[in-house]
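Student: Fold the following for me, if possible:
(3 chains)
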Amino acid sequence: MIGAQVRDRYLSDFKRVEATLPGRAVSWMQNTRRQAFEKFAASGFPTTRDEDWKYTSVAFLGEQEFVPSVAKVCEITQAQISTWAFAGSANHLLVFVDGYYAPGLSKIGAIEKQVLLTSTADLLVKQPELLAPLLQRNIDSAFAALNTAFMTDGMCLYLPAGSIVEDAIHVLYIATSPSKIYHHRNIIVAEDNTQATVIEHYVGINDAVYFNNAITSVDVGNNATIEHYKLQQEGVNAFHIANISAIQNRDSRFNSHSLAFGSRLARNDISTRFQDSGGECEMNGLYVVGGCQHIDHHTCIDHAKPRCTSREYYRGVLSGASRAVFNGKVIVQQDAQKTDAQQANHNLLLSKDAEIDTKPELQIYADDVKCAHGATIGQLDDDMMFYLRSRGISNDMAHGLLTYAFAHDIVDRIKFEPLRLRIEQILMAQLPQGEKIKELL
Amino acid sequence: MLSIKNLHASIEGKEILRGLSLEVKAGEVHAIMGPNGSGKSTLAQVLAGRESYEITGGEVNYRGHNLLEMAPEERAREGVFLAFQYPVEIPGVNNVYLLKAALNAIRKHKGQVELDAMEFLTLIKEKIKVVKMNEDLLYRAVNQGFSGGEKKRNEILQMAVLEPALAILDETDSGLDIDALQIVAGGVNSLRSKERAIIVVTHYQRLLDYIVPDFVHVLSKGRIVKSGGPELALELEQKGYGWVETETRKPAEALAK
Amino acid sequence: MGSSSQQLDQIISKEYEHGFYTELEADAIPHGLSEDVVRLISKKKNEPDFMLQWRLKAYRHWLTMSEPKWAQVHHAPIDYQDMVYYSAPKSQKDGPKSLEEVDPELLATYTKLGIPLKEQEMLAGVAVDAVFDSVSVATTFKGKLAEQGIIFCSFSEAVQEHPELVKKYLGSVVPYTDNFFATLNSAVFSDGSFCYIPKGVRCPMELSTYFRINAKNTGQFERTLIVAEEGAYVSYLEGCTAPMRDENQLHAAVVELVALDNARIKYSTVQNWYPGDKDGKGGIYNFVTKRGDCRGKHSHISWTQVETGSAITWKYPSVLLRGDYSVGEFYSVALTNNYQQADTGTKMIHLGRNTKSTIISKGISAGHGQNAYRGLVKVQKGAENARNYTQCDSLLMGDRCGAHTFPYIEAKNPTAKIEHEATTSRIGEDQLFYCKQRGISAEDAVSMIVNGFCKEVFKELPMEFAVEAQKLLGVSLEGSVG
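Tutor: Numbering: from 1, shown residues only, chains lettered A, B, ... in the order given. Have a look, this model is predicted:
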């Protein structure tokens, strides 16, 4: 459903900015954008009557007028960048300000010659044919269609067969201005036997109301490994909707980590599809929310082929009047014998106004499979609390320590150490009583 | 040090302790024995401040404080230590963090300087020898994946580090093989001193071969029904708890007459 | 495929045992549904006006509704106008005065079904209300129960004899607006069972109802209402069968349970409606709304179901945990074989404080069967200290079946503790070969594994039902391992 008024607004925006968007000189891109817009206009935004949006309302999109970002607004200084960067450890830093690549702030270190690490907009000018198949898929959902119609820029990583990027690639998306809508489009293509680590890092520099609508597509070739991190620290009033979808080939490994702390409302759709056998996937997620935050994760692991393994670990800590949604879907197709899929979602509800809705979902059409899922909602364990207190630790400290330990289960799975340390800092700053446990660590 | 007078405690409306009295002085080791269900563990838990028990009567004085009014952590900081019968597993909390947090909380309470990481590690490496515990266990989550013996040794290590004034060992011997038992007992004995009191709660006399108590008390139906020296434990071992129960009925009958 | 998979197919293909048809003259109305039909049903049953008005409200509301589409089941559209909404065995028109007056042919049917309806049932301690097509045929032990103030009779009789109770409780748990099938039922239901246990009475025997759909093209819409007053206890059993027919038949029942302070209702179902043949032809569409209302403090409702029949099962026996300290339980074994589809589960709605719910769901899929667990655990804001434990396990046999779980968990109170676990296991050729190599027959191996898998649910069933359920499972699964 879409109100005529909302549709007209987006249509007039589209007409206005279309000619300024990257790829305007490429006819297939132009067509793709128009088709995508039509798709969006026909479907409109989802409502809570749609099963996938049952617990997350995007009514704000009808109420709030966002305009496409056409240029970066604020200047960002190197000093600001350094507060977010992983000093000395990530040699590749790509910075996007208000939806556009900022080469002056970015730094791409030594990299194998054949590897392409650039901005999507740049590639649309230089080698558009590489992107044609990638930009024309994934436009089924309203937000993906909208992104395709309006997308400005994003990170593009192309790894030809056998290439390895040793250092982590840190991609920083900075939002600076109110009432803007940003459409980032990131593309990762990892051919056979390749390896890379990418950190998508979304930050807001103020309490502006803006809307970030991002898409990342990941193609993982035979025996390739992609370690993908998404650190979401949007501004407190921001809306953030992101879609990460991977396709995995034979014996490939795709690990996704979603670390969600910021924004007023965030929705993440993270999916992978095993389209050949032997693949492995780990999906980790941590959401720590308070105030009036609303964070929704919808994950989908599609075991279409045999002998693939997936592990999913999501944890949430909710305080204030926050709300979190977790919907983890695992599909095991008829062919996918010897699938091994496990999923766990644990939630700590720390306040009386917080709310959690979780739905671990299994759809199994094959029989020789090992599938298990579990979900819990609860509080800190009384026995643990008593044990700590009987050792002289104060109630508050015990509380902080156990909450931190609860969240740390996910942090432990982060392989990129500087990021792990960063998350620990964030936890200490953000968890109730987090400050108190600092001295222990 | 510890004076319990006519203590009554119940859980979920069921009375477990029914008028228990006990005096413990610094430097003494008391053994509390009794059959299952006699209230031994309840006593240990109540002294540590377990909130699920309701105190329905009596008083407990510990070094001039009303113990029953203190929160569990206050008791711990004032030197009460409970070695748990079933040490709790705490996933994600490093053993060494727990110890450091506990030790510094107690030191701070006593007005002592808190230890930094280096000092703490030096201390703990010293103490761990006492219980012959594998150092790896320090860096694992508290009690998680520990064997029964490792858990109990971990309790004694904590006790050695925290140096309590009153240590209560709740069935620390159950589930231990003889080697582990000797190690645990050795750890306890090394902590015996004239400033410290120890209460050993046990079902079996075996532990008392290694930790020789000054006094032995027999608990039955929530009260101490017989007290004596170490020889009482041996007598119990030979005659069984049934003997005490028959014995103690006599004075009651006598009173009735 | 090896020899064990042939064995599997053999066991699967065992035919439906209860698929006979009884030659009886029936008093039926023409097919189709209209306000007139609703009026006619009410008139045939000589109902008071409040019943007619309630039916009409439901019918009018039903006209505004459409069939739910969210369940994981697929079927051809149902033509609600091509169905007969009332069919009663003709000789029953004036109602039997005693068992002797019951049509001997009908009694023979029940004997065939193994239903204890005669005096010897006294020994089994089972009081039976049997619903044949749409009307209640006979109720045994009524007198004995009446001595304790227990009312156990057909719904029609309750409407005549105890209108005040019917008026008070009918639709109080499942309102006539509840859902498409429940609303349809409210408009056209023909009979069912009524049970009232007065304050403080512990019902001395298991109460039981057997349902059977006999006539062709007939929809069966029965309605059960059980009220347990303060401190009352009742254990209620329900069994169902239907003849083999090529057409699909609709069964849209409603069950309402009301438990007041300290009352306990235990409701057990063994559902063995005709599942269709091995190619998926025919079979019952079993679209049932069952809900219990723990209205009082410390009240307790448990649902136990063994679902082996029906072409399609769509059923979510639920509990509203309204009273403080109330307890809701759901134990389920659902088996789908051949082309059967099941979308079943429960809803536990925690409203009162210190409420507790347990869900144990065991799904067995064989052949092309599709088995979905769909459940909702909801903890409302005021439901302090709510506890839920859910376990839903799937057992797959053969590589063409499916098992699905859709657990919805919603918590609005921080003191809630909710645990959900799900696992999937299989009986495959490897396991069978291993057993056979150790000298265990395939049948024995399967029954061992299946019974082990279902143990937690079977132990909730009354003894004689547990045995029946185990047999039924064996029959339904014969050959399905390989």
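Student: and residue 33, what does it touch?
Tutor: Picked chain A for this. The contact partners of residue A:33, taken as C-beta atoms under 8 Å, 6 or more residues apart in numbering or on different chains, are A:18, A:21, A:23, A:148, A:149, A:150. In this view, the C-beta of every residue, glycine as well, is placed from N, C-alpha and C.
Student: right idea, wrong chain: chain C
Tutor: Taking C-beta under 8 Å, 6+ apart, one finds C:59, C:80, C:81, C:83, C:85, C:187, C:188 in contact with residue C:33.
Student: before we move on, the earlier item: from the contacts of residue A:33, list the ones also adjacent to chain B.
Tutor: The overlap between the contacts of residue A:33 and the neighbours of chain B (C-beta under 8 Å from any C-beta of the partner chain) is empty.
Student: Need the contact partners of whichever strand or helix holds residue C:51.
Tutor: Assigned by DSSP states H and E, residue C:51 belongs to helix C:49-63. For helix C:49-63, the surrounding residues in contact (C-beta under 8 Å, 6+ apart) are C:33, C:35, C:38-39, C:41-42, C:45, C:159, C:163, C:166-167, C:170-171, C:176-177, C:180, C:183-184, C:186-188.
Student: could you flag which of those are buried?
Tutor: C:33, C:38, C:41-42, C:45, C:159, C:166, C:170-171, C:176, C:183-184, C:186-188 (16 or more other C-beta atoms under 10 Å in any protein chain shown).
Student: what's the farthest-apart pair in those?
Tutor: C:33 and C:166 (23.0 Å; C-beta to C-beta).
Student: Enumerate every residue touching residue B:192.
Tutor: B:29, B:198.
Student: same deal with the one 5 residues further on?
Tutor: Listed by C-beta under 8 Å, 6+ apart, the contact partners of residue B:197 are B:1, B:2, B:24, B:25, B:26, B:27, B:28, B:29, B:30, B:165, B:166, B:167.
Student: Turn the contacts of residue C:33 into a markdown table, including distance to residue A:73.
Tutor: Below are those laid out as a markdown table (distance: C-beta to C-beta, whole Å):
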| residue | distance to residue A:73 |
| --- | --- |
| C:59 | 62 |
| C:80 | 61 |
| C:81 | 64 |
| C:83 | 66 |
| C:85 | 68 |
| C:187 | 62 |
| C:188 | 66 |
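Student: Which residue ranges make up each domain of chain A?
Tutor: For chain A, automatic domain parsing gives the domain ranges A:4-276, A:382-441.
Student: element containing residue B:179, please.
Tutor: Using DSSP H and E, residue B:179 sits within helix B:178-190.
Student: pLDDT at the closest residue to chain C within the stretch 151-257 of chain B, what is it?
Tutor: Proximity of the stretch 151-257 of chain B to chain C (C-beta to the nearest C-beta) peaks at residue B:151, 24.5 Å away. Listed pLDDT for residue B:151 reads 88.
Student: could you say which helix or strand contains it?
Tutor: Residue B:151 is part of helix B:148-162 when elements are defined by DSSP H and E.
Student: Could I get the buried residue list for that helix?
Tutor: Buried, per 16+ other C-beta under 10 Å, within helix B:148-162: B:149-162.
Student: now whichever helix or strand comes after the helix holding residue B:179 against helix B:178-190, angle please.
Tutor: The element immediately downstream of helix B:178-190 (helix or strand, assigned by DSSP H and E) is strand B:197-202. Angle of strand B:197-202 versus helix B:178-190, following axes from the mean of the first three to the mean of the last three C-alpha atoms, to 10 degrees, is 160 degrees.
Student: Sheet-wise, list the partners of strand B:197-202 with their directions.
Tutor: Partners of strand B:197-202 in the sheet, by DSSP bridges, are strand B:29-33 (parallel), strand B:166-170 (parallel).
Student: Now the first one - C-alpha only, PDB.
Tutor: Which is strand B:29-33. Output of strand B:29-33 as PDB, limited to C-alpha atoms (Å, rounded to 0.1, in the frame of the first residue of the first chain):
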ATOM      1  CA  VAL B  29      36.800 -25.400  63.500                       C
ATOM      2  CA  HIS B  30      33.200 -26.700  63.800                       C
ATOM      3  CA  ALA B  31      31.900 -29.600  61.900                       C
ATOM      4  CA  ILE B  32      28.100 -29.800  61.300                       C
ATOM      5  CA  MET B  33      26.900 -33.200  60.400                       C
END
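Student: before we move on, the earlier item: tabulate the domains of chain A in a markdown table, adding columns for mean pLDDT.
Tutor: Below are the domains of chain A laid out as a markdown table (pLDDT from 0 to 100):
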| stretch | mean pLDDT |
| --- | --- |
| domain A:4-276 | 92 |
| domain A:382-441 | 87 |
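Student: ok, residue A:198 to residue C:366 distance?
Tutor: As judged by C-beta to C-beta, to the nearest Å, residue A:198 and residue C:366 stand 45 Å apart.
Student: is it true that residue A:208 lies in a strand?
Tutor: No - using DSSP: H, G, I helix; E, B strand; the rest coil, the assignment for residue A:208 is coil, not a strand.
Student: Verify the stated contact: it with residue A:182.
Tutor: No - counting by C-beta atoms under 8 Å, residue A:208 stays clear of residue A:182, with 11.6 Å between them.
Student: Quick check: neighbours shared by the two?
Tutor: Shared contacts of residue A:208 and residue A:182 (C-beta under 8 Å, 6+ apart): residue A:175.
Student: Those two: which has the busier surroundings?
Tutor: Using other C-beta atoms under 10 Å in any protein chain shown, the more surrounded residue of residue A:208 and residue A:182 is residue A:182, with 30 against 17.
Student: Against residue C:279, how distant is residue C:330?
Tutor: The gap separating residue C:330 from residue C:279 is 32 Å, by C-beta to C-beta.
Student: Between those two, point out the one with more neighbours.
Tutor: It is residue C:330, of residue C:330 and residue C:279, that has more neighbours when counted by other C-beta under 10 Å, with 28 against 9.
Student: Contact residues of the stretch 151-257 of chain B facing chain A?
Tutor: The interface of the stretch 151-257 of chain B toward chain A, taken as C-beta under 8 Å from any C-beta, is made up of B:158, B:162.
Student: what about the spatially closest residue to residue A:369 that is not a sequence neighbour, how many residues close to it?
Tutor: Using C-beta to C-beta, 6 or more residues apart in numbering or on different chains and skipping the chain neighbours, the partner closest in space to residue A:369 is residue A:339 (4.3 Å). Counted with other C-beta under 10 Å, the neighbours of residue A:339 add up to 28.
Student: What of residue C:161?
Tutor: Look at residue C:161: counted by other C-beta under 10 Å, it has 12 neighbours.
Student: Correct me if wrong: it contacts residue C:153.
Tutor: Yes - using C-beta under 8 Å, residue C:161 is in contact with residue C:153, at 7.1 Å.
Student: Could you pull up phi and psi at residue C:191?
Tutor: When read as degrees, to the nearest 10, the backbone of residue C:191 gives phi -160, psi -170.
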